[in-house]
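**Student:** Please work out how this folds:
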Amino acid sequence: MSKATKSEIKFLEGPQSRWEEFTFTLKVVREFIKGFRALHFAGPCVTIFGSARFKEDHQYYKLTEELAAEVAKLGFTVMTGGGPGIMEAANRGAKEVGGKSVGCNIILPFEQTPNPYLDKWVDIKYFFVRKTLLMKYSYAFIVMPGGFGTMDEFFEALTLVQTKVVQSFPIIVFCKDFHKKLMEYIEHLKTTGTISPEDIDLVLLTDSIEEAIAYLKIKSIEQFGLKYAQPKPLGWLFERKFFR
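**Tutor:** Numbering: from 1, shown residues only. Take a look at the predicted model:
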(Lines give C-alpha, C1' and ligand atoms only; values in the text may rest on other atoms or scores of the structure.)
Protein backbone atom coordinates (compact mmCIF):
# COMPACT_ATOMS: atom_id res chain seq x y z
CA MET A 1 0.00 0.00 0.00
CA SER A 2 1.37 3.41 -0.99
CA LYS A 3 2.03 6.20 1.51
CA ALA A 4 -0.62 8.33 -0.23
CA THR A 5 -3.24 5.62 0.22
CA LYS A 6 -2.37 5.16 3.90
CA SER A 7 -2.60 8.92 4.39
CA GLU A 8 -6.04 9.13 2.79
CA ILE A 9 -7.35 6.12 4.72
CA LYS A 10 -6.19 7.62 8.00
CA PHE A 11 -7.77 10.99 7.16
CA LEU A 12 -11.13 9.34 6.45
CA GLU A 13 -11.13 7.35 9.69
CA GLY A 14 -12.42 10.35 11.64
CA PRO A 15 -10.94 13.23 13.63
CA GLN A 16 -7.15 13.31 13.78
CA SER A 17 -4.93 15.67 15.68
CA ARG A 18 -5.18 19.26 14.50
CA TRP A 19 -1.59 19.09 13.26
CA GLU A 20 -2.24 15.94 11.21
CA GLU A 21 -5.33 17.45 9.63
CA PHE A 22 -3.48 20.68 8.88
CA THR A 23 -0.56 18.85 7.24
CA PHE A 24 -2.97 16.69 5.21
CA THR A 25 -4.68 19.88 4.00
CA LEU A 26 -1.33 21.23 2.86
CA LYS A 27 -0.69 18.01 0.94
CA VAL A 28 -4.06 18.36 -0.79
CA VAL A 29 -3.34 21.99 -1.70
CA ARG A 30 0.00 20.91 -3.14
CA GLU A 31 -1.75 18.26 -5.26
CA PHE A 32 -4.22 20.83 -6.59
CA ILE A 33 -1.43 23.27 -7.47
CA LYS A 34 0.48 20.49 -9.21
CA GLY A 35 -2.64 19.64 -11.24
CA PHE A 36 -3.36 23.28 -12.10
CA ARG A 37 0.21 23.81 -13.31
CA ALA A 38 0.17 20.63 -15.36
CA LEU A 39 -3.20 21.12 -17.05
CA HIS A 40 -3.59 24.91 -17.31
CA PHE A 41 -2.54 24.90 -20.97
CA ALA A 42 -4.27 21.66 -21.98
CA GLY A 43 -6.86 23.48 -24.07
CA PRO A 44 -10.61 22.78 -24.19
CA CYS A 45 -10.97 19.15 -23.16
CA VAL A 46 -13.53 16.39 -23.52
CA THR A 47 -13.12 13.86 -20.73
CA ILE A 48 -13.80 10.22 -21.51
CA PHE A 49 -14.56 7.92 -18.56
CA GLY A 50 -14.45 4.12 -18.67
CA SER A 51 -13.07 0.90 -17.29
CA ALA A 52 -9.36 0.16 -17.03
CA ARG A 53 -10.09 -3.57 -17.54
CA PHE A 54 -10.94 -3.82 -21.25
CA LYS A 55 -8.07 -5.05 -23.39
CA GLU A 56 -7.02 -3.94 -26.84
CA ASP A 57 -9.06 -6.63 -28.62
CA HIS A 58 -12.34 -5.77 -26.87
CA GLN A 59 -15.15 -4.12 -28.82
CA TYR A 60 -15.46 -1.32 -26.26
CA TYR A 61 -11.76 -0.52 -26.60
CA LYS A 62 -12.05 -0.27 -30.38
CA LEU A 63 -15.24 1.78 -30.19
CA THR A 64 -13.65 4.22 -27.74
CA GLU A 65 -10.62 4.58 -30.00
CA GLU A 66 -12.81 5.49 -32.97
CA LEU A 67 -14.94 7.89 -30.94
CA ALA A 68 -11.95 9.68 -29.40
CA ALA A 69 -10.42 10.17 -32.85
CA GLU A 70 -13.55 12.01 -33.99
CA VAL A 71 -13.61 14.10 -30.80
CA ALA A 72 -9.99 15.11 -31.41
CA LYS A 73 -10.80 16.11 -34.98
CA LEU A 74 -13.21 18.72 -33.56
CA GLY A 75 -10.21 20.41 -31.94
CA PHE A 76 -10.76 19.16 -28.41
CA THR A 77 -8.01 17.74 -26.24
CA VAL A 78 -9.01 14.23 -25.15
CA MET A 79 -8.60 13.86 -21.41
CA THR A 80 -8.79 10.61 -19.43
CA GLY A 81 -7.70 9.14 -16.13
CA GLY A 82 -4.47 8.26 -17.89
CA GLY A 83 -4.54 4.51 -17.26
CA PRO A 84 -5.14 1.37 -19.35
CA GLY A 85 -8.33 -0.01 -20.94
CA ILE A 86 -10.90 2.55 -22.08
CA MET A 87 -8.61 5.37 -20.96
CA GLU A 88 -5.77 4.09 -23.12
CA ALA A 89 -8.13 3.60 -26.08
CA ALA A 90 -9.35 7.20 -25.83
CA ASN A 91 -5.85 8.66 -25.63
CA ARG A 92 -4.72 6.38 -28.44
CA GLY A 93 -7.58 7.41 -30.71
CA ALA A 94 -6.75 11.08 -30.26
CA LYS A 95 -3.04 10.52 -30.76
CA GLU A 96 -3.48 8.51 -33.95
CA VAL A 97 -5.24 11.38 -35.75
CA GLY A 98 -2.75 13.99 -34.61
CA GLY A 99 -4.97 15.24 -31.80
CA LYS A 100 -4.01 16.24 -28.29
CA SER A 101 -4.08 13.68 -25.51
CA VAL A 102 -3.71 14.22 -21.76
CA GLY A 103 -4.17 12.19 -18.60
CA CYS A 104 -4.80 12.74 -14.92
CA ASN A 105 -3.35 9.55 -13.48
CA ILE A 106 -4.20 8.24 -10.01
CA ILE A 107 -1.46 6.71 -7.88
CA LEU A 108 -2.84 3.38 -6.64
CA PRO A 109 -1.53 0.62 -4.34
CA PHE A 110 -1.17 -1.64 -7.40
CA GLU A 111 0.79 1.07 -9.22
CA GLN A 112 -1.34 2.25 -12.11
CA THR A 113 1.06 3.71 -14.67
CA PRO A 114 0.25 6.23 -17.41
CA ASN A 115 -0.57 4.71 -20.80
CA PRO A 116 1.86 5.31 -23.70
CA TYR A 117 -0.50 7.53 -25.74
CA LEU A 118 -0.33 10.66 -23.59
CA ASP A 119 1.25 13.93 -24.69
CA LYS A 120 1.18 15.12 -21.09
CA TRP A 121 -0.02 13.75 -17.78
CA VAL A 122 0.00 14.49 -14.08
CA ASP A 123 0.17 11.93 -11.27
CA ILE A 124 -2.32 12.65 -8.49
CA LYS A 125 -2.40 10.99 -5.06
CA TYR A 126 -6.02 11.57 -4.07
CA PHE A 127 -9.15 10.50 -5.91
CA PHE A 128 -11.15 13.62 -5.05
CA VAL A 129 -8.41 15.89 -6.35
CA ARG A 130 -8.13 13.91 -9.55
CA LYS A 131 -11.89 13.95 -10.11
CA THR A 132 -12.01 17.71 -9.64
CA LEU A 133 -9.27 18.19 -12.24
CA LEU A 134 -11.04 15.94 -14.74
CA MET A 135 -14.17 18.06 -14.35
CA LYS A 136 -12.46 21.46 -14.26
CA TYR A 137 -10.95 21.42 -17.74
CA SER A 138 -13.79 19.70 -19.64
CA TYR A 139 -16.45 21.07 -21.93
CA ALA A 140 -18.16 17.68 -22.26
CA PHE A 141 -18.13 14.25 -20.63
CA ILE A 142 -18.39 10.89 -22.37
CA VAL A 143 -19.22 7.80 -20.31
CA MET A 144 -18.11 4.47 -21.74
CA PRO A 145 -18.70 1.07 -20.08
CA GLY A 146 -17.03 0.89 -16.70
CA GLY A 147 -17.34 0.02 -13.04
CA PHE A 148 -17.68 1.83 -9.74
CA GLY A 149 -15.14 4.52 -10.62
CA THR A 150 -16.86 5.30 -13.91
CA MET A 151 -20.26 5.49 -12.23
CA ASP A 152 -18.82 7.79 -9.57
CA GLU A 153 -17.46 10.11 -12.26
CA PHE A 154 -20.69 9.98 -14.27
CA PHE A 155 -22.93 10.90 -11.33
CA GLU A 156 -20.48 13.57 -10.16
CA ALA A 157 -20.66 15.25 -13.58
CA LEU A 158 -24.43 14.80 -13.71
CA THR A 159 -24.91 16.28 -10.24
CA LEU A 160 -22.72 19.30 -11.01
CA VAL A 161 -24.67 20.04 -14.19
CA GLN A 162 -28.06 19.36 -12.57
CA THR A 163 -27.34 21.72 -9.67
CA LYS A 164 -25.81 24.32 -12.01
CA VAL A 165 -22.50 24.27 -10.17
CA VAL A 166 -21.03 24.01 -13.67
CA GLN A 167 -22.56 25.05 -16.96
CA SER A 168 -24.78 22.60 -18.80
CA PHE A 169 -21.96 20.79 -20.55
CA PRO A 170 -23.09 17.75 -22.55
CA ILE A 171 -22.96 14.31 -20.94
CA ILE A 172 -22.95 11.43 -23.39
CA VAL A 173 -23.48 7.84 -22.25
CA PHE A 174 -22.26 5.35 -24.84
CA CYS A 175 -23.38 1.73 -25.40
CA LYS A 176 -27.13 1.33 -24.90
CA ASP A 177 -27.06 -2.37 -24.06
CA PHE A 178 -24.41 -1.98 -21.36
CA HIS A 179 -26.15 0.99 -19.73
CA LYS A 180 -29.76 -0.20 -20.20
CA LYS A 181 -30.36 -1.02 -16.51
CA LEU A 182 -28.65 2.16 -15.41
CA MET A 183 -30.90 4.33 -17.57
CA GLU A 184 -33.95 2.37 -16.42
CA TYR A 185 -33.00 3.18 -12.84
CA ILE A 186 -32.64 6.86 -13.69
CA GLU A 187 -36.14 6.69 -15.22
CA HIS A 188 -37.27 5.14 -11.92
CA LEU A 189 -35.82 8.13 -10.08
CA LYS A 190 -37.88 10.41 -12.31
CA THR A 191 -41.04 8.35 -11.70
CA THR A 192 -40.61 8.49 -7.94
CA GLY A 193 -39.96 12.24 -8.06
CA THR A 194 -36.44 12.22 -6.66
CA ILE A 195 -35.23 13.95 -9.81
CA SER A 196 -37.08 16.34 -12.10
CA PRO A 197 -38.46 15.13 -15.45
CA GLU A 198 -36.14 17.52 -17.32
CA ASP A 199 -33.08 16.00 -15.61
CA ILE A 200 -33.37 13.05 -17.99
CA ASP A 201 -32.55 15.44 -20.83
CA LEU A 202 -29.11 16.14 -19.33
CA VAL A 203 -27.91 12.80 -20.74
CA LEU A 204 -27.65 11.59 -24.32
CA LEU A 205 -27.71 7.77 -24.55
CA THR A 206 -26.41 6.58 -27.89
CA ASP A 207 -24.55 3.91 -29.87
CA SER A 208 -23.73 6.29 -32.71
CA ILE A 209 -20.43 8.11 -33.04
CA GLU A 210 -22.02 10.42 -35.59
CA GLU A 211 -24.83 11.34 -33.19
CA ALA A 212 -22.35 11.95 -30.36
CA ILE A 213 -20.21 14.23 -32.51
CA ALA A 214 -23.23 16.18 -33.74
CA TYR A 215 -24.37 16.56 -30.12
CA LEU A 216 -20.95 17.91 -29.11
CA LYS A 217 -21.03 20.43 -31.92
CA ILE A 218 -24.43 21.76 -30.82
CA LYS A 219 -24.24 21.44 -27.03
CA SER A 220 -20.60 22.35 -26.51
CA ILE A 221 -19.10 24.25 -29.44
CA GLU A 222 -22.19 26.17 -30.63
CA GLN A 223 -23.91 26.59 -27.25
CA PHE A 224 -20.88 28.20 -25.64
CA GLY A 225 -19.42 29.80 -28.75
CA LEU A 226 -16.31 27.81 -28.02
CA LYS A 227 -13.33 29.77 -29.27
CA TYR A 228 -10.45 28.88 -27.03
CA ALA A 229 -7.57 31.31 -26.62
CA GLN A 230 -4.47 29.53 -25.41
CA PRO A 231 -3.20 31.19 -22.20
CA LYS A 232 0.27 32.63 -22.48
CA PRO A 233 2.90 30.90 -20.33
CA LEU A 234 4.51 33.11 -17.73
CA GLY A 235 8.28 32.80 -17.59
CA TRP A 236 8.56 33.96 -14.01
CA LEU A 237 6.40 30.98 -12.99
CA PHE A 238 8.65 28.67 -15.04
CA GLU A 239 5.73 27.88 -17.35
CA ARG A 240 6.20 26.74 -20.92
CA LYS A 241 4.08 25.81 -23.90
CA PHE A 242 2.02 22.70 -23.16
CA PHE A 243 2.13 21.17 -26.63
CA ARG A 244 5.15 21.54 -28.88
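
**Student:** only C-alpha atoms for contact and neighbour calcs from this point on.
**Tutor:** OK.

**Student:** So residue 115 lies in a strand, does it not?
**Tutor:** No: under DSSP: H, G, I helix; E, B strand; the rest coil, residue 115 sits outside any strand and is assigned coil.

**Student:** And it, what's its pLDDT?
**Tutor:** Looking at residue 115, its pLDDT stands at 95.

**Student:** For it, what are phi and psi?
**Tutor:** phi -70, psi 160 (degrees, to the nearest 10).

**Student:** Can you report how many residues neighbour it?
**Tutor:** 19 (other Cα atoms under 10 Å).

**Student:** ok, for it, nearest residue in space, not its chain neighbours?
**Tutor:** Nearest non-adjacent residue to residue 115, counting by Cα to Cα, 6 or more residues apart in numbering: residue 83, 5.3 Å away.

**Student:** was I right about that neighbour contacting residue 108?
**Tutor:** No: contact criterion Cα atoms under 8 Å: residue 83 and residue 108 do not qualify, at 10.8 Å.

**Student:** who's more crowded, the two?
**Tutor:** In this view residue 83 and residue 108 are compared by other Cα under 10 Å, and residue 83 has more residues nearby, 24 against 17.

**Student:** who's in contact with that one?
**Tutor:** Residue 83 makes contact with 52, 103, 105, 112, 113, 114, 115, according to Cα atoms under 8 Å, 6 or more residues apart in numbering.

**Student:** Show me the strands in this protein, by range?
**Tutor:** All strands of the chain, identified by DSSP state E, fall at 45-49, 77-80, 100-106, 120-124, 138-143, 171-174, 203-206.

**Student:** Next, format these as JSON lines and append mean neighbour count and distance to residue 191.
**Tutor:** Output for the strands of the chain, formatted as JSON lines (neighbours: other Cα atoms under 10 Å; distance: least, Cα to Cα, whole Å):
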{"stretch": "strand 45-49", "mean neighbour count": "27", "distance to residue 191": "27"}
{"stretch": "strand 77-80", "mean neighbour count": "28", "distance to residue 191": "33"}
{"stretch": "strand 100-106", "mean neighbour count": "25", "distance to residue 191": "37"}
{"stretch": "strand 120-124", "mean neighbour count": "21", "distance to residue 191": "39"}
{"stretch": "strand 138-143", "mean neighbour count": "22", "distance to residue 191": "23"}
{"stretch": "strand 171-174", "mean neighbour count": "24", "distance to residue 191": "20"}
{"stretch": "strand 203-206", "mean neighbour count": "17", "distance to residue 191": "17"}
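
**Student:** Adding mean pLDDT and distance to residue 94, write those strands out as JSON lines.
**Tutor:** Listed next are the strands of the chain as JSON lines, based on pLDDT from 0 to 100; distance: least, Cα to Cα, whole Å:
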{"stretch": "strand 45-49", "mean pLDDT": "97", "distance to residue 94": "11"}
{"stretch": "strand 77-80", "mean pLDDT": "97", "distance to residue 94": "6"}
{"stretch": "strand 100-106", "mean pLDDT": "94", "distance to residue 94": "6"}
{"stretch": "strand 120-124", "mean pLDDT": "93", "distance to residue 94": "13"}
{"stretch": "strand 138-143", "mean pLDDT": "96", "distance to residue 94": "14"}
{"stretch": "strand 171-174", "mean pLDDT": "98", "distance to residue 94": "17"}
{"stretch": "strand 203-206", "mean pLDDT": "98", "distance to residue 94": "20"}
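
**Student:** Lovely, talk soon.
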